[in-house]
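**Student:** Next come a sequence and a model predicted from it.
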Amino acid sequence: MGKPVRTQIINGVTWNFVEKVLTHGASFVIGVILARLLSPSDYGLIGMLAIFISVSNIFIEGGFAKALIQKKECKDIDYSTAFVSNMGMSLCIYLFLYISAPWIADFYHEPILIELTRVLALNIILGSFNIVQRARLMSQVDFKSLAQINVISTLISGILGIGMAYMGFGVWSLVGMTMCSSLVLIVVFPFYSKWRPSISFSKSSFSHLFGFGSKLMVTGVMSVIVNNISTLCIGRYYKSDQLGYYTRASHFSELVSFTVFEVLGNVTFPVLSNLQDDRERLVAVYRKSLLFVAMIIFPIMVLCTLLARPIVVILLTEKWLSCVILMQWLFLARMFTPISAINMNVLNAIGRSDLFMKLDFAKIPLDILILVITIPIGVKAIVIGTFINSFICFFVNAYLPGRIFGYGGLRQLSDWRFIILSILIMTSAVWTFLYFVSNVWLQLICGGLLGLIVYVGCCFAFKVVDEEMLVMLKIKKRHE
């Protein structure tokens with residue numbers, strides 16, 4: 001007899017949290033060490049291939065992983081059909097990339113990309129071995145095994161990458177690390193999933209899985225293209241070192257923003273889904289969730305913006321100083337990511353995935369317009385455009401919740417007025433401190449502590465939490 005659902009959820013959330021902390025922490029340390037050993041152009045070369053590899057992976061999976069998880073009773077033939085489909089697609093994609101490698105190299109004006117594309121694309125075939133294995137463990141809510149597998153893979157591949165970089169392999173260190181990660185997963189997954197692939201195939205199973213997964217595949221491909229189009233354009237029109245600075249800056253900002261959302265924001269979807277039939281409580285929890293995430297993410301991202309220079313000098317060394325200004329704008333841009341994700345999540349929570357998709361596609365013209373304007377100006381202009389885009393998209397994402405629940409972007413900003421005021425005071429204090437202190441270690445440690453103390457003190461002084469709790473109590477009392 002299986003574990004109770006409540007126990008499965010608690011165990012899953014716990015191990016998912018452990019995995020995120022360990023893998024993100026390990027990846028951060030490994031990334032810092034590699035950045036000190038490698039050059040910006042090494043990262044830029046890999047960044048040029050990111051969009052091709054990411055889109056290929058979406059096509060290979062074809063949404064089968066989510067389809068397997070969603071299906072109530074999966075049989076061996078379903079897993080085998082998905083495995084065969086993934087392998088077949090990966091071979092076709094690899095052949096396409098192998099033939100296209102000279103064109104890709106010519107597009108970026110980087111001859112070395114011919115070899116890099118043909119070798120790195122092998123990882124697509126290696127990765128296809130693990131898609132079904134991962135889906136099986138996720139469908140069983142076995143996040144403990146997934147956590148252990150991912151940590152093992154991250155550590156072993158990271159050690160190999162650092163070793164190759166230390167021995168002077170340059171950009172091939174990043175390729176070796178990526179391929180090693182997939183190879184380790186191939187070896188380790190069977191010990192945890194207790195499933196061995198076969199070449200069995202069922203047309204009916206394929207029709208069911210693809211029918212569900214194809215919609216996700218289309219959305220996924222569009223999302224990957226939109227998210228990577230800046231990287232594509234920078235790689236095309238600027239030198240590889242400029243793309244290297246951009247990818248490092250983007251990595252730091254996304255690491256902080258996405259980690260906060262994964263720890264705090266992802267919880268909102270199942271919670272809000274459970275309250276979809278109680279509109280007043282749903283709105284109350286929705287407001288409280290947004291305020292709580294804003295209280296955490298806004299000061300962290302602003303503080304990282306203020307301390308970007310000492311962060312880069314201490315962690316990455318002065319050869320990466322050119323990415324400081326890029327990192328600052330991207331930190332400011334990414335602070336809206338968790339907020340926008342929650343505003344979008346509430347649409348899915350009430351079963352309006354159609355509105356979610358329409359809203360996602362409606363933002364594409366804005367993405368393209370800002371890129372068309374900023375690309376000729378320079379990389380700095382592109383990241384400033386990213387900030388402007390992110391700020392506008394916050395209001396776009398909040399528009400439909402505003403229409404449905406009466407809680408749009410302006411009302412959300414109004415609820416956060418004391419948070420914003422606290423951040424402005426914190427910014428003034430830290431900025432003044434940085435002006436008089438030149439030692440980067442003192443700037444990072446003392447400046448960071450000063451910022452947190454001032455911000456927390458202001459939040460207590462303005463009674464930010466207390467005021468929201470009173471609002472929540474009033475809503476609850478009216479409901480009762």
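**Tutor:** Ah, there it is.
**Student:** show me the contacts for the residue positioned nearest the centre of the chain.
**Tutor:** Residue closest to the average C-alpha location in the chain (C-alpha atoms, centre = their mean): Phe258, at 5.0 Å. The neighbours of Phe258, taking C-beta atoms under 8 Å, 6 or more residues apart in numbering as the test, are Thr337. C-beta: built from backbone N, CA, C; applies to glycine.
**Student:** what does Val464 give?
**Tutor:** 295, 418-419, 422.
**Student:** let's see it at 6 Å
**Tutor:** 418-419 (C-beta atoms under 6 Å, 6 or more residues apart in numbering).
**Student:** so how far is the one helix or strand Leu315 maps to off the chain centroid?
**Tutor:** Leu315 belongs to helix 308-316 when elements are defined using DSSP states H and E. How far helix 308-316 lies from its chain's middle: 22 Å, per C-alpha atoms, centre = their mean, to the nearest Å.
**Student:** mean confidence score for the host helix or strand of Leu449?
**Tutor:** Element membership for Leu449 (DSSP H and E) is helix 440-461. Taken as a whole, helix 440-461 carries a mean pLDDT of 94.
**Student:** do stretch 299-319 as well
**Tutor:** Per-residue pLDDT over stretch 299-319 has a mean of 94.
**Student:** Surely Arg334 and Leu255 touch.
**Tutor:** No - contact criterion C-beta atoms under 6 Å: Arg334 and Leu255 do not qualify, at 9.4 Å.
**Student:** coming back round to it: measure the residue nearest to the centre of the chain to Ile368 for me?
**Tutor:** Separation of Phe258 from Ile368 (C-beta to C-beta, to the nearest Å): 24 Å.
**Student:** Distance of the residue nearest to the centre of the chain relative to Ile339?
**Tutor:** Distance, Phe258 to Ile339, using C-beta to C-beta: 13 Å.
**Student:** Ok, Ala308 next?
**Tutor:** 21 Å.
**Student:** Likewise for Ile93?
**Tutor:** Separation of Ile93 from Ile339 (C-beta to C-beta): 35 Å.
**Student:** go on, Pro365?
**Tutor:** 22 Å.
**Student:** And those two? Which one has more around it.
**Tutor:** Ranked by neighbour count (other C-beta atoms under 10 Å), Pro365 and Ile339 place Ile339 first, with 24 against 9.
**Student:** where's that one, which helix or strand?
**Tutor:** Using DSSP H and E, Ile339 falls in helix 337-349.
**Student:** What of Pro190?
**Tutor:** Going by DSSP H and E, Pro190 is part of helix 171-193.
**Student:** pLDDT of the next helix or strand after that helix, averaged?
**Tutor:** Going down the chain from helix 171-193, the next helix or strand is helix 203-237, by DSSP H and E. Averaged across helix 203-237, pLDDT comes to 77.
**Student:** so what secondary structure elements neighbour helix 203-237?
**Tutor:** helix 40-61, helix 64-70, helix 76-108, helix 240-260 (3 or more C-beta pairs under 6 Å, 6 or more residues apart in numbering; DSSP states H and E).
**Student:** hmm, 8 Å instead?
**Tutor:** Packed against helix 203-237 by the contact rule (3 or more C-beta pairs under 8 Å, 6 or more residues apart in numbering; DSSP states H and E) you find helix 40-61, helix 64-70, helix 76-108, helix 240-260, helix 353-362, helix 364-374, helix 379-405.
**Student:** closest to Val283 out of the ones you listed?
**Tutor:** Nearest of these to Val283, taken as C-beta to C-beta: helix 379-405 at 5.0 Å.
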